[in-house]
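Trainee: Pasted the sequence and its predicted model underneath.
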Amino acid sequence: MFYTVYMQLTGLAVLAIGIWMFVDAEIVKLVNFIASDESKLFRSAAIFLMALGCFVILVSALGFAGTVTESTTMLGIVSSSV
């Protein structure tokens, strides 16, 4: 039970970092200053972090729901995705 809460908080943190990287203009200016051709890679990394955070939150929510309802189907989906 605590494992899923920990994983949801971790997924939320990764999602927040990805959103921060995607939105913050100062860090984009810094990346453009360091290497102008790395801007697309940086935005791709931010999008990847947002997708990863959403995936972790979704899997941990399925794991939590499967544990509470004792659904073997949900727990099977969680164990196959991990």
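Mentor: Arrived safely. Numbers count the residues shown, from 1 in each chain.

Trainee: mind listing what residue 78 touches?
Mentor: By CB atoms under 8 Å, 6 or more residues apart in numbering, residue 78 lies in contact with 59, 62-63, 66. (Glycine included, C-beta is placed from N, CA and C.)

Trainee: roughly how far is the strand or helix carrying residue 41 from the heart of the chain?
Mentor: Assigned by DSSP states H and E, residue 41 falls within helix 39-69. Using CA atoms, centre = their mean, to the nearest Å, the distance from the centre of helix 39-69 to the centre of the chain it belongs to is 3 Å.

Trainee: Can you show me the CA trace of whatever helix or strand comes next after it as CSV?
Mentor: For helix 39-69, the following helix or strand on the C-terminal side (DSSP H and E) is helix 72-81. Presented in CSV, the C-alpha positions along helix 72-81 are these (Å, rounded to 0.1, in the frame of the first residue of the first chain):
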residue,chain,number,x,y,z
THR,A,72,-6.1,-10.3,-10.2
THR,A,73,-6.6,-8.7,-13.6
MET,A,74,-5.4,-5.3,-12.5
LEU,A,75,-2.5,-6.8,-10.6
GLY,A,76,-1.5,-8.8,-13.7
ILE,A,77,-1.5,-5.6,-15.8
VAL,A,78,0.7,-3.9,-13.2
SER,A,79,3.1,-6.8,-12.9
SER,A,80,3.4,-7.1,-16.7
SER,A,81,4.1,-3.4,-17.2
